[in-house]
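S.K.: Have a look at this prediction, sequence included:
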Amino acid sequence: MKTEIKVQESGWREMTVIVPAEDAQKDYRKIVNQYKAKVSVPGFRKGKAPLKMVEQLYGDQFKEEFILKQPEEYYKKALDENDIHPINEAEIVKVDWDVNKDFEAVYKFQIMPEIEITKYEGLEVTFKEIEFTDDMVDNALENMQGKFATQEEAEAIDTDMLVKASFKQLDAEKPMEFEREFTVGSNIYNEEMNEKLLGIKVGESVQSKIFNPSHDQEDDEYQKYRDLDFEITPLTIKKEILPEINVEFAKDAGFEDLEQLKASIEDDYKSKIIEQNDKNRLHALEIALLEANPIELPDSAVKFYAEQMAEDAAKQYGIEKEQLIDTFMPIAETNMKIFYLKNKITDKLEIEINDEDKDAMIQKAADNLKIDVDKYKELYANQINSEDFINTVKEQKTMDFLLEKAILVEPVEDDENDNVDEDNHSADAE
């Protein structure tokens, strides 16, 4: 087998494969012999007719079967022989073959372009640590207070009350009617409607537009309703009753007193902060690597990955995959670039790992799941023994090395998004 590869733009390759007539004929004969035993020829028992007679009757079908099957086989063999790893399905541009002739086929496919690493040690990494503050404990207590809150019926609407109301379009032959539940003063509706509802009782009605006429959002609901007038009638009105934050509150959460609850929240937040700082530091390093080593990826590879991400999300949220692909394209591109950069650097550094490295990774995973190490090893034995696990440990060792060499600098402006999630806490009671 001979191969000729032409390099084209954006990682595209055109590969011509030529199989000598003698080898192609052998592969053709395998197909003939495979089907010879299955065909019927008048005057002969099945499978006993002379080969030449079988070929005269079914030669065109045998040739068609060969041309359908063999190009893929020759393609795979050529890739193996040349150590080529396409990132998309090949397009067969041309197939030329006849019995007793050389087989020739032309394939077009993309490969990942060669990634050049220009700088990875001593990078300047923009990063600011999250620090623990007493406000975090106070906010966590307020969140818990909201979760322990109860509701009771209210006579008239006030700000922050939960209202279920009916909406009926005015001045229409076939008016739209629907029901919505919302918190007064904190919802998507306009200020006019929220203000008119204040003091209104169940069964009473107000008339108002529900969205501002000048609302410029493109959301279907806004566009459909923004210029219409509605009659809004409360069906239920409920107010939230927050419990006092005291000893009884702490006991309901499973603690002896309020100080113990606060101490637990503080410990939990400090653990979360350490974990979040580690993630943020690693992410900041990844961004620095991308900026120092700009690379281009084939569009087909990025789109394929984005389609996979969109498909998973579409199943989760029950929407069409096509609606999400554009959203996932930049995410897919960034993730792929980071993946290939880290792999390339790991190879370049010739990172090797030992049992201590593996044990450290296992211990960290077990700690995250809050289970015993031996139990983790039992539950995840297959993963621990897989090639993926080895690669993950190598990657972690690579990033640890790069972080040691990196120069961490604080951003010029504080990033308001670098916060620990305060919505959940281990002290929260279900």
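M.R.: That came through, no problem. Residues are numbered from 1 along each chain as shown.
S.K.: how near is Thr150 to Val373?
M.R.: Here the criterion is Cβ to Cβ, to the nearest Å. By it, Thr150 lies 43 Å from Val373. Bear in mind the C-beta positions are built from the backbone N, C-alpha and C, glycine included.
S.K.: no wait, Gln34
M.R.: Counting by Cβ to Cβ, the gap from Gln34 to Val373 is 55 Å.
S.K.: try Pro113
M.R.: Spatial separation of Pro113 from Val373 under the definition Cβ to Cβ is 42 Å.
S.K.: Could you do Val95 as well?
M.R.: When distances are taken as Cβ to Cβ, Val95 and Val373 turn out to be 57 Å apart.
S.K.: any chance you could map the strands in this protein?
M.R.: Assigned strands in the chain, in chain order: 2-7, 12-19, 91-96, 103-110, 124-126, 150-153, 162-169, 177-183, 206-209, 229-241, 407-409 (criterion: DSSP state E).
S.K.: Pick the most deeply packed of those.
M.R.: When neighbours are counted by mean count of other Cβ atoms under 10 Å, the highest per-stretch mean among those falls to strand 103-110, a mean of 20.
S.K.: Pairing partners for that one, with directions?
M.R.: Under the criterion DSSP bridges, strand 103-110 sits next to strand 12-19 (antiparallel), strand 91-96 (antiparallel) in its sheet.
S.K.: pLDDT on that strand, on average?
M.R.: Model confidence over strand 103-110, given as mean pLDDT, is 94.
S.K.: what about that strand, distance to the chain center?
M.R.: For strand 103-110, the gap between its own C-alpha mean and the chain's C-alpha mean amounts to 33 Å (Cα atoms, centre = their mean, to the nearest Å).
S.K.: what sits up against that strand?
M.R.: 10-19, 21, 23-24, 70-71, 74-75, 78, 86-97, 298, 300-301 (Cβ atoms under 8 Å, 6 or more residues apart in numbering).
S.K.: now the angle from that strand to strand 2-7?
M.R.: 30 degrees (axes from the mean of the first three to the mean of the last three Cα atoms, to 10 degrees).
S.K.: pull the CA atoms of strand 103-110 into CSV?
M.R.: As requested, the backbone C-alpha atoms of strand 103-110 are provided in CSV (Å, rounded to 0.1, in the frame of the first residue of the first chain):
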residue,chain,number,x,y,z
PHE,A,103,-7.1,0.3,-6.2
GLU,A,104,-7.0,4.1,-5.7
ALA,A,105,-9.0,6.2,-3.3
VAL,A,106,-8.7,9.8,-2.1
TYR,A,107,-9.8,10.8,1.4
LYS,A,108,-10.1,14.2,3.0
PHE,A,109,-10.1,14.7,6.7
GLN,A,110,-8.8,17.1,9.5
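S.K.: for Lys279, what are its contacts?
M.R.: Applying Cβ under 8 Å, 6+ apart to Lys279 gives no contacts.
S.K.: how close does it get to Ile84?
M.R.: With distances taken as Cβ to Cβ, Lys279 is found 37 Å from Ile84.
S.K.: what residue ranges in the stretch 1-150 of the chain score low on pLDDT?
M.R.: With pLDDT under 70 as the threshold, the stretch 1-150 of the chain has low-confidence stretches at 37-41, 43-51, 54-55.
S.K.: residues contacting Glu320?
M.R.: Counting by Cβ under 8 Å, 6+ apart, Glu320 makes contact with Ala314.
S.K.: what about Leu297, neighbour count?
M.R.: 20 (other Cβ atoms under 10 Å).
S.K.: Grab the nearest non-local neighbour of it.
M.R.: In space, Leu297 comes closest to Met336 once its chain neighbours are excluded; the distance is 5.7 Å by Cβ to Cβ, 6 or more residues apart in numbering.
S.K.: Could you check how many residues crowd around the one you found?
M.R.: For Met336, the count of nearby residues is 20 (other Cβ under 10 Å).
S.K.: For it, give me its contacts.
M.R.: Residues in contact with Met336, defined by Cβ under 8 Å, 6+ apart, are Leu297, Ala301, Val302, Tyr305.
S.K.: And the chain, what are its domain boundaries?
M.R.: With domains defined by automatic domain parsing, the chain comprises 2-110, 124-132+248-409, 150-241.
S.K.: mind listing what the closest residue to Pro20 other than its chain neighbours touches?
M.R.: The shortest distance from Pro20 to any residue other than its chain neighbours is 5.9 Å, reached at Asp102 (Cβ to Cβ, 6+ apart). By Cβ under 8 Å, 6+ apart, the contact list for Asp102 reads Ile18, Val19, Pro20, Ala21, Ala24.
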